[in-house]
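S.K.: model the following, please.
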Amino acid sequence: MMMTAAIPILAASDAAMAMSIHLAITVFVLSMLLGMEVIAKVPTTLHTPLMSGSNAISGITIIGALLAAGAGGWLGGTFGVIAVVAAMINVAGGYLVTDRMLRMFKRKR
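M.R.: The predicted structure is shown next:
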């Protein structure tokens, strides 16, 4: 009798986990598409200052991605590692672009 009462509870928790995975993937894909759309609308003259300013945001993203990678589960770990790699590329590129921009404004001796 106890065993049959536990089966709907397990099925409900599996359904909730499947729903949360689908929700997480949906949010991930929509945020990626929204980010690409926002970046595409920025004029080219503003790309360099915006990339310099995005280093702080990417630093926060790296912390969140590290937490997601270590949260458990292969799916969260996989997305966490992808997010860490993407954020690190953004940080490194931002610093390189900022350095190049600052060298352009230095006086030549």
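
S.K.: domain ranges for this structure, per the record?
M.R.: Listed domain ranges for the chain are 1-41, 43-109 (source: automatic domain parsing).

S.K.: Throw those into CSV and include mean neighbour count, thanks.
M.R.: For every residue, glycine as well, the C-beta is placed using N, CA and C. Listed next are these as CSV, based on neighbours: other C-beta atoms under 10 Å:
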stretch, mean neighbour count
domain 1-41, 10
domain 43-109, 13
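
S.K.: how about those in a markdown table, adding mean pLDDT?
M.R.: Formatted as a markdown table, those follow (pLDDT from 0 to 100):
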| stretch | mean pLDDT |
| --- | --- |
| domain 1-41 | 70 |
| domain 43-109 | 78 |
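
S.K.: now stretch 62-74 - C-alpha only, PDB.
M.R.: C-alpha atoms of stretch 62-74 as PDB (Å, rounded to 0.1, in the frame of the first residue of the first chain):
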ATOM      1  CA  ILE A  62      31.700  34.100 -14.700                       C
ATOM      2  CA  ILE A  63      30.700  33.800 -11.100                       C
ATOM      3  CA  GLY A  64      27.200  32.700 -12.000                       C
ATOM      4  CA  ALA A  65      28.500  30.300 -14.600                       C
ATOM      5  CA  LEU A  66      30.900  28.700 -12.000                       C
ATOM      6  CA  LEU A  67      28.000  28.300  -9.600                       C
ATOM      7  CA  ALA A  68      26.000  26.700 -12.400                       C
ATOM      8  CA  ALA A  69      28.800  24.400 -13.400                       C
ATOM      9  CA  GLY A  70      29.300  23.100  -9.900                       C
ATOM     10  CA  ALA A  71      25.500  22.900  -9.100                       C
ATOM     11  CA  GLY A  72      25.300  19.200 -10.200                       C
ATOM     12  CA  GLY A  73      23.800  17.400 -13.000                       C
ATOM     13  CA  TRP A  74      25.400  17.000 -16.400                       C
END
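
S.K.: run the chain-centre distance for it.
M.R.: What separates the centre of stretch 62-74 from the centre of its chain is 11 Å, taken as C-alpha atoms, centre = their mean, to the nearest Å.
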